[in-house]
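Undergrad: I'll drop the sequence and a predicted model, then ask my questions.
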Amino acid sequence: MIKNNELINNILFSNVNDLVSFKLFLFIIIAFLFSVAIDVVLGELPGKIHPVIMMGNVISFFKKHLIQFRTRLSGFGLVFTTSITTSVLLLIIYLIIKNNLILLFLIFSIILSSTFSIKMLLQTAINVRDDLNTDIDKARQSVSYLVSRNTDELTESFIVSAVIESLTENITDSYVAPVFYYFIFALIVLFWPVSFHVYLLLLVPVLYRLSNTQDAMLGYTTDELIKIGYCPAKIDDILNYIPSRIAGLCVVVSAFLLGLDWKQSFNVMMRDARNCPSPNSGYTMATTAGALNIQLIKKDTYILGDNNKDIDADDITKAVNLSKLSIILFTLFIIILFTLIYVIL
């Protein structure tokens, strides 16, 4: 049996490095798929052990000490100190589990699953839609957790708009970007092996999630945060630049597959995506507005799409289906592309 295995390995792989590379390739794919399954089936981890909650605590600790300097350098200092702290904590976890393959696989997948959020992203929008169908005041309260604007007097159309904006904007932040950087670095560790490659493979999406959390907590232009939040916000803009545009194209293709107005989806993306203050958020919001032939409006900030039909709660359902298919398409695209590059090179 051992000789047969050796014969198979000799046929499939020209040298030992090829075999090691193939095993790492399988680990990268299987751990990713398992982490997606964890998120889709189980959802978010409990708050007490959720890595993003821990990141928030680390950010809050350094913010308290650095915000007093009232300079943009304080934001750079916060990014640096929180990144180092997170990296060290993750390294400690890795060193504890690295010699047990099963434990390494499980913990790796669980932590990776915390860097994206599919189930909560989709379910939150569905919950607001259900609230809207029963009690508009309850819907206003629910949507207040998703957006920074005042929701106390929002009409049904503005509630629906806010939900769809939040849902589609977060396709990039909550899934596409962390997965994109996971596979980009996976290619690096496959072809240019480095020490602690499994640790570094996990560190990359974790640091992306840290950056996104920094922006969510500090990236505002209030008197308190305008200085310390400048650097985190700019880094988040840079990191999301490519993923947001990939996500926008995935929405266009999904609109085509669902029989929606994909041509309008693409046209509105090209015309309106830059209407938003963020250089990235408009790409998935504008494509959705075009696909559904609706207008998404944030008062005094932006208008996306054309007012071709009245917006209603049914549009949330369509946006959820569009977002779900976009996530599936991106997942298939990134895995197939990663596999092709591995096989060809």
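TA: Arrived safely, thanks for sending.
Undergrad: Let me see the ranges of the strands in the stretch 51-200 of the chain.
TA: Taking DSSP state E, counting those that start in this stretch, the stretch 51-200 of the chain contains no strands at all.
Undergrad: which residue sits closest to Asn212 in space, ignoring its chain neighbours?
TA: Using Cβ to Cβ, 6 or more residues apart in numbering and skipping residues adjacent in sequence, the residue nearest Asn212 is Asp173, 5.4 Å away. In this view, the C-beta of every residue, glycine as well, is placed from N, C-alpha and C.
Undergrad: which residues touch stretch 170-187?
TA: 28, 32, 112, 115-118, 121, 200-201, 204-205, 208-209, 212, 239-240, 242-244, 246-247, 250-251, 280-281, 283-284, 323, 326-327, 330-331, 334-335, 337-338, 341-342 (Cβ atoms under 8 Å, 6 or more residues apart in numbering).
Undergrad: and the host helix or strand of Leu210, what other elements does it pack with?
TA: Assessed by DSSP states H and E, Leu210 sits inside helix 197-218. Here helix 197-218 touches helix 16-42, helix 51-66, helix 72-97, helix 101-113, helix 177-191, helix 230-257, going by 3 or more Cβ pairs under 8 Å, 6 or more residues apart in numbering; DSSP states H and E.
Undergrad: Can I get those in CSV including mean pLDDT?
TA: Below are the helices and strands packed on helix 197-218 laid out as CSV (pLDDT from 0 to 100):
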stretch, mean pLDDT
helix 16-42, 87
helix 51-66, 95
helix 72-97, 96
helix 101-113, 96
helix 177-191, 94
helix 230-257, 97
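Undergrad: Would you write a ChimeraX line that selects the buried entries of the contacts of stretch 170-187?
TA: If you want just the buried ones from these in ChimeraX, going by 16 or more other Cβ atoms under 10 Å, the selection is:
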select :28,32,112,115,116,117,118,121,200,201,204,205,208,209,212,239,240,242,243,244,246,247,250,251,280,281,283,284,323,326,327,330,331,334,335,338,342
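Undergrad: Next, the angle from the top helix by length along the chain to helix 230-257.
TA: Scanning the chain for the longest helix, with DSSP state H as the assignment, gives helix 314-344. Angle of helix 314-344 versus helix 230-257, following axes from the mean of the first three to the mean of the last three Cα atoms, to 10 degrees, is 100 degrees.
Undergrad: Could you list every helix and strand in contact with helix 314-344?
TA: helix 16-42, helix 119-134, helix 156-171, helix 177-191, helix 230-257, helix 282-292.
Undergrad: Relative to the whole chain's centre, how far out is it?
TA: Distance of helix 314-344 from its chain centroid, counting by Cα atoms, centre = their mean, to the nearest Å, is 13 Å.
Undergrad: Next: stretch 232-244.
TA: With Cα atoms, centre = their mean, you get 11 Å for stretch 232-244.
Undergrad: can you list contacts of that stretch?
TA: By Cβ under 8 Å, 6+ apart, the list of residues contacting stretch 232-244 reads 75, 78-79, 172-173, 176-177, 180-181, 208, 211-212, 214-215, 218-219, 278-281, 283-284.
Undergrad: For that stretch, C-alpha coordinates in CSV please.
TA: Extracted in CSV, the C-alpha atoms of stretch 232-244 (Å, rounded to 0.1, in the frame of the first residue of the first chain):
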residue,chain,number,x,y,z
PRO,A,232,-8.0,54.3,9.1
ALA,A,233,-10.6,55.6,6.6
LYS,A,234,-8.0,56.2,3.9
ILE,A,235,-6.5,52.7,4.4
ASP,A,236,-10.0,51.2,4.2
ASP,A,237,-10.7,53.1,1.0
ILE,A,238,-7.5,51.8,-0.6
LEU,A,239,-8.1,48.2,0.5
ASN,A,240,-11.7,48.2,-0.9
TYR,A,241,-10.8,49.8,-4.2
ILE,A,242,-10.4,46.7,-6.3
PRO,A,243,-12.8,44.4,-4.4
SER,A,244,-15.7,46.9,-4.6
